[in-house]
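Colleague: turn this into a model:
(chains A and B)
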Amino acid sequence: MEPNMKDIHSLRIENITKRFPGVLACDAISLEVKKGEIVALVGENGAGKTTLMNILMGLYHPDEGSIFINDERVHFRNPNDAFACGIGMVHQQYMLVPNMTVIENIALGYKQAWNPLKLNLAMVRERIEEVSKHYNLQVDPDAYIWQLSVGEQQRVELVKTLCLGARFLILDEPTSALTPQETDELILLLRRMSSELSIIFISHKLQEVKDLSSKVAILRHGRIVFQGNTIDHSSHDIAALMTGHEVRLPQNDAPACTMGPMLQLKNLRVKSDRGFLALDDLSLYVCKGEIVGLAGVSGNGQKELAEAINGLRKVESGQIIFDDIDIANFSPRQVIDAGMGYVPEERNVEGIVPSFSIKENLILKDVEEEQFSNRSFMKKRVIENNGEQLRKQFDIRSPNIDVAAGSLSGGNIQKVILAREIARNPKFLVAVYPTRGLDMGAAEFIHKQLLQKRNEGVGILLISEELEEITNLSDQVAVIFKGKIQKVIPASEASRRRLGILMAGVKDDEEI
Amino acid sequence: MTKRFRTGYKIGVIILAIITAMTFGALILIAIGADVFKTYIVILTEPLKNKIGVTEVLLRLVPLSIVALGITVAYRSGIINIGAEGQMAIGILTTTALALAFPALPSYILIPAALLAGALGGAVWGFVPGFLKAKLQVSELLSTVMLNYIAAQLYTFFLRGPMLDPAEITMGSGTPQSMRLSRNLDLTRFIKGTRIHTGLFIALALALFIYILLWKTSFGYKMRAAGASARAARYGGINVPKYLIISMVISGAFAGIAGGIEIAGVHRRAIEGVTSGYGFSGIVVALFGGLHPAGIVPAAFFFGLLIYGADMTQRLVGVPANMIQVLQGIIILTIVATKMVLANPYLMQRVEEKLFSASRRGKTEEVA
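Modeller: Numbers count the residues shown, from 1 in each chain, chains lettered A, B, ... in the order given. Have a look, this model is predicted:
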């Protein structure tokens, strides 16, 4: 297919059906996007959003149905075809080479600049400048990707896609890794860009759907269950349509703790992988039966904090007083035995052994307990019953408990982890980004579980970037910035604006 | 996707892999001017035609399977042991040393003690790379290969020096070998007129032992968890370095036992070339057997067949036995490719889609 640079006035898909073995991923989906429109595609995990976008990108071929651009039928045999028609996608995980510069990354896809022996970088630079000026997208062409923040990297992805001639943008969960400020900036930017482009974006977050989109399409079980103008509907309506039932993310409105501290961090210093101090004199305490939300832009020491508490990272100095014992520099096993539960950030590679079955993963921390093994011989029956019971109790959706945990969806993997951690009856839970990338149904479930544990007297340190999650669940909100706690404020006083300012590193928020 | 389809698909892929490997092998056989069909027939059927052939294949199954079982333990725990050749050589030396030192011990003490000595020797040789990897992140590929060289030189040194058969000195022939070891060390040859010995039962018992260890005990669970995802294992409170070291010790011990059994069952003295590549073939057997005892035993039989068949092709069709090593290489490459194919669920989906839509079409035609 020859590249053409014609504007895309409309993109229409008609009756797209895609079957996978045993699953109808897309069921006669029709959708139209006109120039200048921003369509939000929302739906739970597994609703068929990604399949639909992959069809638009030429990665999958629809079993039935057709795609029209400017009322002309098109066939995409592969992503290059879609690209030649001006469709560009920014994936959730950025496709950038970290140890190359911005300009080199963009040159990778910019075939016009590929002379037989030499890369015409000047030409690429010109193109980048043209695009970034036109759309007011600031990027430094000579910066290395690894030097850039997540928000900057996303800007590079956008510039890259635009440089390569995209006039129709597909964005897969564009804000999932951004700070609130960056999210706001992105929304402004996309709005401005929409005067010349069409945009489809996939999202779980209803707030940004409301803020950004002009139209919303809701997918459920492979069908479009609703299409309409965004302004006509409240986010509450959209949430209900998305899940098929009324959703109300649980809120913490129980009285604050009175039971005394459970976990006290005192003057903690911890080094990052690169050797600098990731936590610098950090102090914080969490009571029994209290949720402390730790807000902050990712990379300010959250990961190191969670790892240091759980014995996975060396503590240079300071104390971690857990239930009256100092557990600093305990081994992971000792921390677990002291009664600590941990929902790690990287659920797919750290929270589970991907190749192990669900039932095996559910005993990861307890395989040697008398409950599950007798003189080191594992009790098959008990392990199976445990798996079945937790699968029901935690609504883990899988054909059985023998499937590899790594093959489950993100939400179900998180349920496996939570099931294991909660079933162990911990005294304290460290939960890191517990609902990142999950759909509303799964997030609601996990929030309920966390609140229930709180009400049973378990202390919880909730590390998250989702301000809504933090303010809904927490009793106290602590803001972390460059390895220090900026401030701890009661959740009732934690407005989005105030947290945003603290997260950006401004110390005394009162004066603003 | 039905379970039946999945199994069928996997078997189909494996059959396809075997055909591919044989085709490539055939190309090479044609290139050296051999009769392809006859060569394959000889390799695959000739050894199975009589009692001696079958027992000779089983004889090779013994060291192959024991080495492969050890490699499986290491592999499952996240460390690739390509040092079995050296571990086996050290095992032979320690077995021989013990048998030379206590020749008068009765069989029921000498045999277990000598094999234990072999295990210990191999275990030490496995411990070193395990320790280096666990504590200093030294690549096991590097350390095991280097230790192979050291072991080979040590082996030669002992056979030519301290352990050299005194008779060789008096006769002056100087063949590098130890003296005939105590008869109390001999493993019984239980079928008259063949060389097959009770080591076969030890190999089968060890296979059962490894199955139980890895899949039925919490100890094995931890080793497998450490191997499958070191990060998740560490998060789960498992001391990953400890299990790395232990797995290499077990792996080395198994290679050592394999060496000891070779001496006690077949050669009855330490001679040069006992290991004859079993340490490397064991890797192939372990992978070919799917890193599971139930697959390793048949895989060891198959490779035993290949190795023994190779000798026969030399005699019967004039194809050099080295050709078998070429075939082994081709098989390794095919296994790697097959694994990639089997690990690709999308491909499986596409195949099923094709098959299903074909059958659906068939059905609608029937209705029409």
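
Colleague: report the contact partners of B:Val36.
Modeller: B:Val36 makes contacts with B:Ala26, B:Leu29, B:Ile30, as judged by C-beta atoms under 8 Å, 6 or more residues apart in numbering or on different chains. The C-beta positions use only the backbone N, C-alpha and C, and glycine is treated the same way.

Colleague: quick check: A:Asp366 is in a strand.
Modeller: No - looking at A:Asp366 with DSSP: H, G, I helix; E, B strand; the rest coil, it is coil, so not inside a strand.

Colleague: that one: how many residues sit nearby?
Modeller: 20 (other C-beta atoms under 10 Å in any protein chain shown).

Colleague: ok, it to chain B distance?
Modeller: Separation of A:Asp366 from chain B (C-beta to the nearest C-beta, to the nearest Å) stands at 9 Å.

Colleague: that residue contacts A:Phe372, doesn't it?
Modeller: Yes - when contacts are counted by C-beta atoms under 8 Å, A:Asp366 is listed as touching A:Phe372 (5.7 Å).

Colleague: ok, which residues in chain A are in contact with chain B?
Modeller: Counting by C-beta under 8 Å from any C-beta of the partner chain, the positions of chain A adjacent to chain B are A:19-22, A:310, A:312, A:331-333, A:335-337, A:342, A:344, A:346, A:349-356, A:360, A:364-365, A:367-368, A:372-373, A:376-378.

Colleague: mind running it again at 6 Å?
Modeller: Contact residues, chain A versus chain B (C-beta under 6 Å from any C-beta of the partner chain): A:21, A:332-333, A:336, A:344, A:349-350, A:352-353, A:355, A:364-365, A:367-368, A:373, A:376-378.

Colleague: now the helices for the stretch 101-250 of chain B?
Modeller: Applying DSSP state H, counting those that start in this stretch to the stretch 101-250 of chain B gives helices spanning B:107-136, B:140-160, B:166-171, B:199-216, B:218-228, B:230-235, B:240-262.

Colleague: touching the fifth one from outside, list them.
Modeller: Helix B:218-228 is contacted by residues A:353, A:355, A:367-368, A:373, A:376, A:378, B:76-78, B:213-214, B:233, B:238, B:240, B:243, B:247 when judged by C-beta atoms under 6 Å, 6 or more residues apart in numbering or on different chains.

Colleague: can you tell me which of the residues you listed are buried?
Modeller: With burial judged by 16 or more other C-beta atoms under 10 Å in any protein chain shown, the buried subset of those is A:353, A:355, A:367-368, A:373, A:378, B:76-78, B:213-214, B:233, B:238, B:240, B:243, B:247.

Colleague: where does A:Cys26 land in three-state SS?
Modeller: Relying on three-state DSSP, one would call A:Cys26 strand.

Colleague: where's it relative to chain B, distance?
Modeller: 15 Å.

Colleague: skipping adjacent residues, who's closest to that residue in space?
Modeller: A:Lys18 (4.2 Å; C-beta to C-beta, 6 or more residues apart in numbering or on different chains).

Colleague: just checking, what packs against the helix or strand encompassing the one you found?
Modeller: Using DSSP states H and E, A:Lys18 sits within strand A:10-20. With contacts defined as 3 or more C-beta pairs under 6 Å, 6 or more residues apart in numbering or on different chains; DSSP states H and E, the secondary structure elements packing on strand A:10-20 are strand A:23-34, strand A:64-69.

Colleague: what residue ranges in the chain score low on pLDDT?
Modeller: In the absence of a named chain, this looks at chain A. In the predicted model of chain A, residues A:1-5, A:21-22, A:177, A:245-249, A:252-258, A:507-512 satisfy pLDDT under 70.

Colleague: sorry, should have said chain B
Modeller: Using pLDDT under 70, chain B drops low at B:1-2, B:357-368.

Colleague: what parts of it come near chain A?
Modeller: Taking C-beta under 6 Å from any C-beta as the criterion, chain B approaches chain A at residues B:1, B:217-219, B:221, B:225, B:228-229, B:231-232, B:235-237, B:349, B:352.

Colleague: for the buried ones among those, write the corresponding PyMOL selection.
Modeller: Applying 16+ other C-beta under 10 Å to the residues of chain B next to chain A, the buried members can be selected in PyMOL as follows:
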select buried, chain B and resi 217+218+219+221+225+228+229+232+235+236+237+352
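
Colleague: what's the domain layout of chain B?
Modeller: B:1-32+B:321-355, B:56-319 (automatic domain parsing).

Colleague: redo the ones you listed as JSON lines? Include distance to A:Cys85.
Modeller: Supplementary listing: the domains of chain B in JSON lines, determined by distance: least, C-beta to C-beta, whole Å:
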{"stretch": "domain B:1-32+B:321-355", "distance to A:Cys85": "24"}
{"stretch": "domain B:56-319", "distance to A:Cys85": "41"}
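
Colleague: ranking those domains by burial, who's on top?
Modeller: Among those, domain B:56-319 has the highest mean neighbour count (mean count of other C-beta atoms under 10 Å in any protein chain shown), at a mean of 21.

Colleague: helices or strands next to the helix or strand hosting B:Ile332 in the packing?
Modeller: Using DSSP H and E, B:Ile332 falls within helix B:322-342. Helices and strands touching helix B:322-342, by 3+ C-beta pairs under 6 Å, 6+ apart, are helix B:3-31, helix B:278-288.

Colleague: run the angle between the next helix or strand after the last one and helix B:322-342 for me.
Modeller: Past helix B:278-288, heading to the C-terminal end, the next element that is a helix or strand (DSSP H and E) is helix B:293-316. If you take axes from the mean of the first three to the mean of the last three C-alpha atoms, to 10 degrees, helix B:293-316 sits at 150 degrees to helix B:322-342.

Colleague: report all helices and strands that helix B:293-316 contacts.
Modeller: helix B:36-45, helix B:51-76, helix B:199-216, helix B:278-288.

Colleague: any chance of those helices in CSV, with distance to A:Glu465 too?
Modeller: Shown next, in CSV, are those (distance: least, C-beta to C-beta, whole Å):
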stretch, distance to A:Glu465
helix B:36-45, 62
helix B:51-76, 37
helix B:199-216, 41
helix B:278-288, 43
